[in-house]
Every structure is written in structure tokens, then in C-alpha cells.
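> predicted model and sequence follow; I will ask about them next.
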Amino acid sequence: NAPLSREQWAQLAQRMSWQTLRMNLNTLARHDVFENATLAASVAQRLADRAQVRQSWVYPYQLLSAWSNLQCSVPQVIREALAQAMEYALENIPPFRGNVVVCPDVSGSMKSSITGYRKGATSKIRCVDVAGLIAAAVLRNHPQARVLPFECDVVDVQLDARQSVMHNAQKLAAVGGGSTNCSAPLRRLLNERARVDLVIMVSDNESWVDKSRHGSTATMECWIELKKRNPQARLVCIDLLPYGTTQAAERSDILNVGGFSDEVFTVIDNFVNGRYGSAHWLEEIEAVTL
């Protein structure tokens, strides 16, 4: 069979479902479809159509994956359309109430792939990209939330809730790179005598092992102190690459989540609103098919 011509690929681009279009942007670029500026604009318009985004049930992580894997031949108008689609996809994420703090790990180990190493199938998306996505997504739906990135200490980064999620996620992923001290953001909150209702920590679990001589982690010790001023507070610990250890013991106010998918936001919402029982270790969340 003869290969499809550029004109035939152009026709396909106009007929594909929204999800199929998202997954074939590089293919269309390889067949020079986007050299036609009018067609490129038409594809971008479809990608950024709020109704089609909502109808397709696309998840933020799927859009991050598509955006991260775009080849340089894909025009800027398509990249901007995916960023806009991300904003619409976030409308399905439940907002969190009260004083919310997100603590994304930006240490050196977070530069590893979110899938770990898989021969021939290692994702280009890094743990730090996902941590940035989670923080930026929470900030988008809860502009008053605080974001405290950390490595060996808290890294001061100013994020603008009015900026796109892609912009803020990229900004977070660009900082850090040192060793990891998971208790650093909690210690910052303690020193500030901060009021908190929900703390979300996101890491690859590489250094939850800062044990004190009494056996508990420094993270856990800081949390116990923080609870004295904030008895209603809850802690969610997302271990992107779970290794079987946790930085905080199972308690009614602590949720440990191993792995990541877009469902993690619903899991957190259920926990915060008391739709789970007491201590929980959620087994690794199966990743959404990309």
C-alpha cells in the first residue's frame, strides 16, 4: 500500500477524535501537515475547545505527557493550545478548602523518570515535572494555597496563580537539584507558627529516611509539633516512586499514597472530607493509559 500523502494526513487531522488528535501531533508534524498555517490554526482551535476537552475526559497528566513529548517541528500555536486545554482539564479537579500548603520535592533525585527506568519505555516526564504539576494544579483551583518547594531546605520560588499551570509547573521543575530534607517545609511552617488545614508533600521517597536516634523520621516529629497548633490538620504524602518505606506513620490524620495518576486529586478530596476510614496506605495507583 502506498503511504498517505500530506493532503490525506490533513484530512485525517480534521476527522480524528480529540484524544486521537492529541496522541498524533508528532505524526502530523512529520507529515508536514502543520506547514499549512490555516490547518495548524484549525487543529489548535480544536485542541483548545473547552467543550471538546471536557467531553473527551482528558486528564492533566495526559496533557503534560503530550506537551512534554512534542517534537520541535510542532508549531507554537499547537503548544499554546495544549496549555489552554490543561486549564480546562483542571476544572474536574476538586478544590481544597482552608489553609493549604503543597510541598514539592525539587531535589536531584527527582530528575529521574516518573516510570523509573524501563528498557525502551522510559518516560520523558520526570518526577519533578509531576510534582510541579500537582503543585500548580492545586494553586490554580486554590489561589490562596502556599507552595513550599524543598531540597536540603525550602527553595523560595514565587508562583503566580494567574499564570498557566504549564508555566508554573515548568518554573518549579527548573529549580533545586540538591540533596533532600523532607522535613524542611514542615520546619518552616513550625518556625512561622503557621495555621494549616492540609499539607500535601510530593517526593520520590528517596530521603524519607532521615531517622532520628529515636527511630522516627524528622518529618514525623515536625508533624507532631505542627499538630499541637493545628489539631484539625491533615497530611498527605505522595510517594511518586514508592520503595516500601514511608516518611510518616499511618494515622487517622495522615494519608500515604504510592504512585501517581490523575485520580490522586479525588483520593485527597475523599480523605480530607472523611470519606476514608482511619489509617490508610493506598497501594500504588495504576497510571492512566497514555
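Noted; the coordinates are in hand.

> what does stretch 89-97 rub up against?
By CB atoms under 8 Å, 6 or more residues apart in numbering, the surrounding residues in contact with stretch 89-97 are 53-54, 58-60, 63, 137-138, 140-142, 145, 165, 197-198, 265-266, 268-269, 272. Heads up, the C-betas are built off the backbone N, CA and C, glycines and all.

> just the buried ones from those residues, in PyMOL syntax?
Buried residues within the contacts of stretch 89-97, by 16 or more other CB atoms under 10 Å, are selected in PyMOL with:
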select buried, resi 53+58+59+60+63+137+138+140+141+142+145+165+198+265+268+272
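
> could I get the full set of helices for the protein?
Here the chain has its helices, by DSSP state H, at 6-15, 18-23, 25-30, 37-47, 50-56, 60-68, 76-89, 127-141, 165-173, 184-192, 218-229, 264-272.

> could you export those as TSV, including mean pLDDT and distance to residue 149?
Shown next, in TSV, are the helices of the chain (pLDDT from 0 to 100; distance: least, CB to CB, whole Å):
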stretch	mean pLDDT	distance to residue 149
helix 6-15	93	39
helix 18-23	96	29
helix 25-30	96	30
helix 37-47	96	30
helix 50-56	93	28
helix 60-68	89	18
helix 76-89	94	20
helix 127-141	89	8
helix 165-173	86	6
helix 184-192	96	8
helix 218-229	93	16
helix 264-272	90	18
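
> tell me the domain ranges of the protein?
Following automatic domain parsing, the chain resolves into domains at 6-90, 96-282.

> quick one: stretch 181-194 to chain centroid distance?
Counting by CA atoms, centre = their mean, to the nearest Å, stretch 181-194 is centred 22 Å from the centre of its parent chain.

> and that stretch, which residues are buried?
Those would be 181-190, 194, for stretch 181-194 by 16+ other CB under 10 Å.

> now, which of the residues you listed sits nearest residue 170?
Comparing the buried residues of stretch 181-194 against residue 170 with CB to CB places residue 185 closest, at 20.7 Å.

> surely the closest one is in contact with residue 200?
No: Residue 185 lies out of contact with residue 200 (CB atoms under 8 Å); the separation is 10.3 Å.

> please enumerate the shared neighbours of these two.
101, 103.

> spatially, which residue comes closest to residue 141, not counting chain neighbours?
Nearest non-adjacent residue to residue 141, counting by CB to CB, 6 or more residues apart in numbering: residue 95, 4.4 Å away.

> for that neighbour, give its distance to residue 145.
Applying CB to CB, to the nearest Å, the value for residue 95 to residue 145 is 10 Å.

> and residue 197, by the same measure?
10 Å.

> do residue 46 as well
Counting by CB to CB, the gap between residue 46 and residue 145 amounts to 32 Å.

> since that was my last question, I'll sign off now.
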